[in-house]
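[1] attaching a predicted model along with its sequence, questions to come.
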Amino acid sequence: DAEITQSPRHKITETGRQVTLACHQTWNHNNMFWYRQDLGHGLRLIHYSYGVQDTNKGEVSDGYSVSRSNTEDLPLTLESAASSQTSVYFCASSESTQREAFFGQGTRLTVV
Amino acid sequence: SQQGEEDPQALSIQEGENATMNCSYKTSINNLQWYRQNSGRGLVHLILIRSNEREKHSGRLRVTLDTSKKSSSLLITASRAADTASYFCATDYNYGQNFVFGPGTRLSVLP
């Protein structure tokens, strides 16, 4: 069965370090998204991609970057982790926004 | 700014009762979707309703959409303890290519 997986599930890192969160989907979807979820804010869009070599900034993109070298993967990089980036991160993919999105299980990141 | 806002923020009911939660949004949309999130898990798609539809059913779920009021409601009938979760609405913001989510409604179904 097709799926979308995130790794790691939990990560603790120190302020200032570079961190990369992985997202891999086997749906063959062109659209991929990264969200962060914080209490009281719901899900906020960080970056998204419509296909290989395409990346776009979302609502809360400062301090994050993504790259799309193939259809299956959209890694999220925190260039210099900050305590404000402690959050739960979700990756999602979809055929289009006129269809459902499929979510990974999330990565809980703690920046100390 | 968030596109969708769910109401209420939290809802507690007894098993067997119906649960209704609402979503309001700000811009034009092609569709509105509802998702469920169990604690510590990813979001799971429940139902999609298009802008030219007024009501849609899926099992114990009933979704309505009023584009003139820019609002939607999700009704869960005969609720079960397993329905305890957070529920989110999402829209394709301004006919766009992104899903924009509201802050969610936390539903607790008490046995």
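    The structure has been received and is ready for your questions. Numbers count the residues shown, from 1 in each chain, chains lettered A, B, ... in the order given.

[2] which residues are contacting the one helix or strand B:Val63 maps to?
    Applying DSSP states H and E as the criterion places B:Val63 in strand B:61-66. Strand B:61-66 is contacted from outside by B:32, B:34, B:46-47, B:49, B:51, B:53-57, B:71-77, using C-beta atoms under 8 Å, 6 or more residues apart in numbering or on different chains. In this view, the C-beta of every residue, glycine as well, is placed from N, C-alpha and C.

[3] for it, list the C-alpha coordinates in CSV.
    This file holds the C-alpha atoms of strand B:61-66, laid out as CSV (Å, rounded to 0.1, in the frame of the first residue of the first chain):
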residue,chain,number,x,y,z
LEU,B,61,-20.9,12.0,9.3
ARG,B,62,-22.9,14.7,7.7
VAL,B,63,-21.2,17.9,6.3
THR,B,64,-23.0,21.0,5.1
LEU,B,65,-21.6,23.9,3.3
ASP,B,66,-23.1,27.4,3.0
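
[4] pairing partners for that strand, with directions?
    strand B:55-58 (antiparallel), strand B:71-76 (antiparallel) (DSSP bridges).

[5] element containing the spatially most central residue of chain A?
    Closest to where the C-alpha atoms of chain A average out (C-alpha atoms, centre = their mean) is A:Trp34, at 3.1 Å. Assigned by DSSP H and E, A:Trp34 belongs to strand A:31-38.

[6] does chain B have contacts with the helix or strand following that strand?
    Downstream of strand A:31-38, the first helix or strand assigned by DSSP H and E is strand A:42-51. Yes: on the criterion C-beta under 8 Å from any C-beta of the partner chain, strand A:42-51 is in touch with chain B at A:42-43, A:45, A:48, A:50.

[7] and those, which are buried?
    When the residues of strand A:42-51 next to chain B are checked for burial by 16 or more other C-beta atoms under 10 Å in any protein chain shown, the buried set is A:42-43, A:45, A:48.

[8] quick revisit: tell me the one of the residues of strand A:42-51 next to chain B nearest B:Val109?
    Nearest to B:Val109 among these is A:Gly42, at 21.1 Å by C-beta to C-beta.

[9] so what's the closest one up against?
    Neighbour list for A:Gly42: B:2, B:88, B:101-104 [criterion: C-beta under 8 Å, 6+ apart].

[10] that one bridge partners, please.
    A:Asp38.

[11] residue ranges with poor pLDDT in the chain?
    Just so you know, I chose chain A. The model of chain A has no residue with pLDDT under 70.

[12] let me rephrase: I mean chain B.
    In chain B (pLDDT under 70), the answer is B:1-4, B:94-97.

[13] tell me which stretches of it form strands.
    B:4-7, B:10-14, B:19-25, B:31-37, B:43-50, B:55-58, B:61-66, B:71-76, B:85-92, B:99-101, B:105-110 (DSSP state E).

[14] please apply the same query to chain A.
    For chain A, applying DSSP E gives strands covering A:4-7, A:10-13, A:19-25, A:31-38, A:42-51, A:54-57, A:64-66, A:76-78, A:87-94, A:101-103, A:107-111.

[15] just send the ones you listed back as JSON lines, with distance to B:Thr20 too.
    Converted to JSON lines, the strands of chain A look like this (distance: least, C-beta to C-beta, whole Å):
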{"stretch": "strand A:4-7", "distance to B:Thr20": "31"}
{"stretch": "strand A:10-13", "distance to B:Thr20": "35"}
{"stretch": "strand A:19-25", "distance to B:Thr20": "34"}
{"stretch": "strand A:31-38", "distance to B:Thr20": "24"}
{"stretch": "strand A:42-51", "distance to B:Thr20": "19"}
{"stretch": "strand A:54-57", "distance to B:Thr20": "35"}
{"stretch": "strand A:64-66", "distance to B:Thr20": "36"}
{"stretch": "strand A:76-78", "distance to B:Thr20": "36"}
{"stretch": "strand A:87-94", "distance to B:Thr20": "26"}
{"stretch": "strand A:101-103", "distance to B:Thr20": "24"}
{"stretch": "strand A:107-111", "distance to B:Thr20": "31"}
